[in-house]
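1. give the three-dimensional model of this entry:
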Amino acid sequence: MRLTSELWVKALVRRVFGDGRFAVVERQGSAEAGAIFIRIRGRNGLESLLAPAPQSHFDSAKPSDRSFELRLDCSESADIDALLEREKKFDPDFWVVEIETDEPQHYISIMPA
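-> A predicted model of the protein is given here:
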């Protein structure tokens, strides 16, 4: 059974705060099945964006957990804003969780791929 998007996001935010870092839900999507994007803001002002992995990443079996791909790495905020605006036109029910950290690679590496 797959967790709802809302529960998964709440667990992520709690985990980030448990690590002594800061996270906020920047955009709330569909509680049951909204796509989740994770915006990782480094202290140097650059950002990375994790996005749901495309279906081509899976074999014939549907995964029970969420998978992510690194869509943008060490990018300017405006580039990520533009990508999320394009996503909004395609699917307005998505979530954005922003994590602020001094170790962006930590969160990039722990997300399932």
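2. can you list the helices and strands that the worst-scoring helix or strand of the chain on mean pLDDT packs against?
-> Lowest mean confidence among the helices and strands of the chain (mean pLDDT, DSSP states H and E): helix 104-110, at a mean of 73. In terms of contacts (3 or more CB pairs under 8 Å, 6 or more residues apart in numbering; DSSP states H and E), helix 104-110 is packed against strand 36-42, strand 47-52. To be clear about C-beta, it is placed using only N, CA and C from the backbone, and glycine gets the same treatment.
3. name the element residue 9 belongs to?
-> Using DSSP states H and E, residue 9 sits in helix 5-18.
4. and what of residue 100?
-> strand 95-101.
5. what mean pLDDT would you report for stretch 26-33?
-> Here stretch 26-33 scores 94 as its mean pLDDT.
6. which of the residues in it are buried?
-> Buried residues in stretch 26-33, counted by 16 or more other CB atoms under 10 Å: 27, 29.
7. same question, stretch 92-106
-> Of the residues in stretch 92-106, 94, 95, 96, 97, 98, 99, 100, 101, 104 count as buried by neighbour count, 16+ other CB under 10 Å.
8. stretch 66-74 now?
-> 66, 68, 70, 71, 72.
9. rewinding a little: what strands flank the strand holding residue 100, and is each parallel or antiparallel?
-> strand 22-27 (antiparallel), strand 36-42 (parallel) (DSSP bridges).
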